[in-house]
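Novice: Here is my input, please return the structure:
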Amino acid sequence: MKRGEKTMKKLMSLVLALAMILSLAACGGKTTGTSPDSAGDSQQETPATSDGAFPEKQITIIMPWSLGGGPDTIARQVASYGEKYLGVPVIVENHTGGSGTIAMNDALQAEDDGYTMVVANGPLFSLTPSFINVNYTLDDITPLIGMRITEFVVLTNSKSGITNIDELKAYAAEGNTIKYATTGGPGNDSYTMISVLFKLLDIPAEPVPYDGGQEAINALVGGHVDVAIGSPPTYRDYVINGELNCLGTFIPEGLEVEGIGHISSFRDQGVDVDFTGMDYFAVRSSVDDSKKEVLTNFIAEVYADPEFQEFMKGMGMEAWEATESEIVDMVEAQTEAMTEYIPLVQ
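Specialist: Residues are numbered from 1 along each chain as shown. Model prediction:
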């Protein structure tokens with residue numbers, strides 16, 4: 001064979017080998033997703049993953065009631081776990097006034113991006129609309145998880161010597177008008193229920209509104225009013241140390257409070273009145289369901305934390321882990337029950 005022919009054969013072999021390598025490389029590119037189409041898909045997925053992270057910034061809890069009350073104290077404790085369970089700060093803002101309607105309106109005007117929660121209660125829907133014109137309904141929010149059952153107790157200053165309903169009636173029969181501390185006016189649950197109690201007892205009484213539950217209890221301890229209404233976080237220590245007396249509770253089955261014991265219901269004392277309230281965390285109903293789930297799981301994790309449970313025990317309470325449907329059912333039942341009491345105070 002001539003030298004030229006051998007050289008040509010070698011060149012042809014190299015060309016064929018190179019062609020095969022290029023062909024295999026092309027096939028390999030398709031299976032690993034490096035084709036232009038696949039690369040485009042990969043580039044689109046990365047921003048979606050980044051944008052889908054929630055939360056990425058501070059979350060705000062709007063609180064309708066004043067600093068230091070039961071729901072405010074619990075909400076602030078929940079918020080303190082934000083960094084631990086969400087990786088972002090959680091703060092509480094008090095938007096007081098209008099029997100809670102100011103806070104509710106502010107929450108519904110906030111962006112529906114999941115970064116604003118609100119603490120709500122039953123009377124915002126079952127009671128307040130009968131006294132105040134509101135532009136919201138229960139359909140505008142989604143309850144995430146319960147916070148607490150509102151266990152209202154009526155109390156007196158121990159110096160008064162009034163320890164039960166009969167002694168209260170005897171005090172009024174002497175010509176005294178009972179001055180009672182409430183948190184708010186008509187449309188507020190504590191105002192309504194204690195006002196109904198005095199109506200049913202046929203006792204002359206005058207409401208003295210305060211900004212929050214703790215202020216109302218402080219007024220009673222200071223002797224500025226005869227009677228006050230409160231929940232365990234605000235009155236418990238005063239009862240334990242003997243400064244205040246418990247006259248009864250609106251909870252129909254009575255109430256057990258850590259460090260105090262059993263508190264009789266007004267129904268058990270012959271007064272046909274009861275009320276079981278509730279506080280809960282909520283967001284605008286238009287918030288994305290996945291974000292609602294993140295927020296609900298966050299609060300549930302806090303409730304399961306041993307330190308938080310110890311905190312609640314110290315307040316004489318337990319977290320109320322009700323679901324959305326349970327909360328809605330309870331609000332609707334409360335709305336029907338309130339039709340019996342509202343005419344007594346309108």
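
Novice: how near is V257 to Y235?
Specialist: Separation of V257 from Y235 (Cβ to Cβ, to the nearest Å): 9 Å. Glycine gets a C-beta too; all of them are placed from N, C-alpha and C.

Novice: Likewise for S126?
Specialist: Counting by Cβ to Cβ, the gap from S126 to Y235 is 24 Å.

Novice: Give me the more crowded residue out of the two.
Specialist: Y235 (27 against 23; other Cβ atoms under 10 Å).

Novice: so which helix or strand takes in that one?
Specialist: When elements are assigned from DSSP states H and E, Y235 belongs to helix 232-240.

Novice: Same check on D268?
Specialist: Here D268 is assigned to no helix or strand, by DSSP H and E.

Novice: Nearest spatial neighbour of it, chain-adjacent residues omitted?
Specialist: G254 (6.3 Å; Cβ to Cβ, 6 or more residues apart in numbering).

Novice: Look at the one you found and report its pLDDT.
Specialist: Listed pLDDT for G254 reads 96.

Novice: Backbone dihedrals for it, please?
Specialist: Backbone torsions of G254, given as degrees, to the nearest 10, read phi 80, psi -180.

Novice: go on, V119?
Specialist: Phi and psi for V119, reported as degrees, to the nearest 10, are phi -90, psi 120.

Novice: Next: G277.
Specialist: According to degrees, to the nearest 10, G277 has phi -90, psi 180.

Novice: Report the beta-bridge partners for it.
Specialist: Counting by DSSP bridges, G277 is bridged to T150.

Novice: now swap in T142 and tell me
Specialist: The partner residues for T142, given DSSP bridges, come to V283.

Novice: That one contacts K292, correct?
Specialist: Yes. T142 is within contact range of K292, at 6.1 Å (criterion: Cβ atoms under 8 Å).

Novice: what touches both of these two?
Specialist: V283 (Cβ atoms under 8 Å, 6 or more residues apart in numbering).

Novice: so where is the chain shaky, pLDDT-wise?
Specialist: 1-52 (pLDDT under 70).

Novice: got the domain boundaries for it?
Specialist: The record's domain parsing of the chain by automatic domain parsing lists 59-150+277-345, 153-263.

Novice: just how off-centre is the last one within its chain?
Specialist: Spelled out, it's domain 153-263. Chain-centre distance of domain 153-263: 25 Å, with Cα atoms, centre = their mean, to the nearest Å.

Novice: now the end-to-end length of it.
Specialist: Length of domain 153-263, first residue to last, Cα to Cα, to the nearest Å: 8 Å.

Novice: Also the first one?
Specialist: In terms of Cα to Cα, the two terminal residues of domain 59-150+277-345 are separated by 38 Å.

Novice: how about the residue positioned nearest the centre of the chain, phi and psi?
Specialist: The centroid of the chain falls nearest to F281 when counting by Cα atoms, centre = their mean (2.5 Å). Backbone torsions of F281, given as degrees, to the nearest 10, read phi -90, psi 140.

Novice: do the same with the one 10 residues further on
Specialist: The main-chain torsion angles of K291 are listed as degrees, to the nearest 10 and equal phi -70, psi -40.

Novice: Next up, the contacts around it.
Specialist: 54, 113-114, 283.

Novice: Of the residues you listed, keep whichever come out buried.
Specialist: For the contacts of K291, a neighbour count by 16 or more other Cβ atoms under 10 Å gives the buried set as 54, 114, 283.

Novice: I figured the last one hits D140, correct?
Specialist: No. Counting by Cβ under 8 Å, no contact exists between V283 and D140, whose distance comes to 10.3 Å.

Novice: And the helix or strand hosting V78, what's buried?
Specialist: Element membership of V78, judged by DSSP H and E, is helix 70-79. Within helix 70-79, the residues that count as buried by 16+ other Cβ under 10 Å are 70-79.
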